[in-house]
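1. everything below, folded, please.
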Amino acid sequence: MLLGCMRLGGEGDRVGSADIAAAEAAVGAALEAGITVFDLADIYRGGRSETVFGEVLRRAPGLRERIVIQTKCGIRLADADMPGHYDLRGASIRRRVEQSLRRLGVDAIDILLLHRPDPLADPADVGETLDALRTEGLVRRFGVSNMSAPQIALLQAHLSVPFTVNQLQMSLRHRDWLEAGVLVNTAEAAANGFPLGTVEHCVANGIALQAWEPLAQGRYTGRQETPAEVATARLVADLARDKGTTPETVVLWWLRRHPAGITPVIGSTRPSRIAACADAVRRPPELTHEEWYRLWVTARGAKLP
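-> Next up, the predicted model:
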């Protein structure tokens with residue numbers, strides 16, 4: 001699993017001592033749970049997430065050698081003169097990587113993800129830039145986020161090393177990635193917006209799937225808003241009790257049980273919440289075939305086609 005660091009860095013314009021303490025507590029809880037991969041992005045908290053993570057590294061000698069740092073670039077937030085947009089121009093990628101390296105205080109990024117597809121990106125320009133960053137030792141591996149199989153394949157044709165990651169929204173609540181494959185030849189298929197074949201493309205090409213928001217904002221372990229969510233939360237709690245674990249672990253096991261080898265990115269930075277996910281790292285998914293389907297159908301709120 002990975003710890004998503006979107007919430008690190010606080011709400012102010014600058015990183016303060018309380019922000020650093022909160023980040024240290026979150027990183028410590030993640031390490032205690034067996035999590036050693038940390039997921040960031042240049043836009044998280046306007047760059048403060050990377051800054052505070054860099055401060056955690058500076059205060060903990062030897063930590064850098066024990067962990068994997070993953071960050072992203074490609075989204076430009078709105079400002080006074082420009083709406084939010086995507087930017088995967090080669091020069092922009094390089095500039096953003098250099099800024100991330102400075103904020104993190106490291107010599108190299110272990111994994112760089114292209115955060116969103118940019119319709120104006122020149123695949124040859126992207127590939128040339130990524131190859132150069134790798135040759136210079138600034139980035140070790142590359143991946144993408146929120147991209148379809150054809151988008152990945154087009155970029156891969158211009159890159160000399162394989163993409164290793166595709167990060168997608170995947171959870172028991174956000175199931176389009178799963179249902180796209182079973183709604184073929186049904187009337188419901190048109191309403192499913194997930195690009196069919198993306199999961200299969202990643203599996204066939206050795207691209208690891210990472211799931212962002214895997215706990216579905218606590219819909220099955222905290223608040224519920226629909227009858228299907230109430231019923232699923234009850235089932236999750238029953239399974240957790242029967243298997244001697246936490247509801248959070250059951251929700252994550254549902255993803256991990258899929259043969260694609262999905263790796264959840266835990267978004268919470270609360271130590272107690274991180275600790276509740278520890279069994280999903282320490283224990284293999286203990287859901288039977290039937291239990292996995294029961295969770296799916298209950299969350300769906302309708303029978304399968």
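
2. could you use CA atoms for every contact and neighbour count after this?
-> Fine.

3. centroid-nearest residue for the chain?
-> Taking Cα atoms, centre = their mean, the centroid of the chain lies closest to Trp212, which sits 3.6 Å from it.

4. how close does that one get to Met1?
-> According to Cα to Cα, to the nearest Å, Trp212 and Met1 sit 11 Å apart.

5. show me where the stretch 151-300 of the chain has its helices.
-> Counting by DSSP state H, counting those that start in this stretch, the stretch 151-300 of the chain has helices at residues 176-179, 198-204, 227-243, 247-256, 271-276, 279-282, 289-300.

6. how about Asp87, nearest residue that isn't a chain neighbour?
-> In space, and not counting its chain neighbours, Asp87 is closest to Gly74: 5.0 Å by Cα to Cα, 6 or more residues apart in numbering.

7. for Tyr86, that is, sorry about that
-> Excluding the flanking residues, the one nearest Tyr86 by Cα to Cα, 6+ apart is Ile75, at 4.6 Å.

8. hang on, the earlier thing: identify the contacts common to Trp212 and Met1.
-> Shared contacts of Trp212 and Met1 (Cα atoms under 8 Å, 6 or more residues apart in numbering): 264-266.

9. can you list the buried residues in stretch 73-90?
-> Neighbour-count burial for stretch 73-90 flags 73-75, 86-90 (criterion: 16 or more other Cα atoms under 10 Å).

10. and stretch 175-188, by the same measure?
-> 175-181, 183.

11. equivalent analysis for stretch 298-305, please.
-> Neighbour-count burial for stretch 298-305, with 16+ other Cα under 10 Å as criterion, is recorded at 298-300.

12. what comes into contact with that stretch?
-> 172-173, 182-183, 186, 228-229, 231-232, 297.

13. which residues of the stretch 51-200 of the chain fall in strands?
-> 68-73, 75-76, 85-86, 109-114, 139-145, 165-169 (DSSP state E, counting those that start in this stretch).

14. which stretch among those comes nearest Ala21?
-> strand 68-73 (19.4 Å; Cα to Cα).

15. now do the same contact list for the nearest residue to Arg66 once chain neighbours are set aside.
-> Sequence neighbours aside, Thr36 is the residue nearest to Arg66 in space, at 7.1 Å (criterion: Cα to Cα, 6+ apart). For Thr36, the contacting residues are 1-3, 30, 66-68, by Cα under 8 Å, 6+ apart.

16. could you dump these into CSV with distance to Gly222 and neighbour count added?
-> Shown next, in CSV, are those (distance: Cα to Cα, whole Å; neighbours: other Cα atoms under 10 Å):
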residue, distance to Gly222, neighbour count
Met1, 21, 23
Leu2, 21, 23
Leu3, 20, 23
Ala30, 21, 26
Arg66, 33, 9
Ile67, 30, 14
Val68, 30, 16
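
17. returning to what we had before: for the residue nearest to Asp87, grab phi and psi.
-> phi 130, psi -10 (degrees, to the nearest 10).

18. which residues touch it?
-> Counted by Cα under 8 Å, 6+ apart, Gly74 has contacts 86-88, 93, 114-118.

19. repeat for Ala228
-> 298-301.

20. related to what we said a few turns ago, columns distance to Asn192 on top of the strands of the stretch 51-200 of the chain, output as a markdown table?
-> A markdown table is the format used below for those (distance: least, Cα to Cα, whole Å):
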| stretch | distance to Asn192 |
| --- | --- |
| strand 68-73 | 27 |
| strand 75-76 | 25 |
| strand 85-86 | 24 |
| strand 109-114 | 24 |
| strand 139-145 | 19 |
| strand 165-169 | 14 |
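
21. format these as TSV; extra columns: mean pLDDT and distance to Ile207.
-> Listed next are those as TSV, based on pLDDT from 0 to 100; distance: least, Cα to Cα, whole Å:
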stretch	mean pLDDT	distance to Ile207
strand 68-73	98	15
strand 75-76	95	22
strand 85-86	96	23
strand 109-114	98	12
strand 139-145	98	8
strand 165-169	98	5
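
22. what's the closest of those to Leu8?
-> Going by Cα to Cα, the one of the strands of the stretch 51-200 of the chain nearest Leu8 is strand 68-73, 13.4 Å.

23. who's in contact with the closest one?
-> So strand 68-73 is contacted by 36-43, 93, 96-97, 109-115 (Cα under 8 Å, 6+ apart).

24. ok, it: who's next to it in the sheet?
-> strand 37-39 (parallel), strand 109-114 (parallel) (DSSP bridges).

25. what residues does the longest one touch?
-> For strand 109-114, the surrounding residues in contact (Cα under 8 Å, 6+ apart) are 68-74, 88, 101, 138-145, 165.
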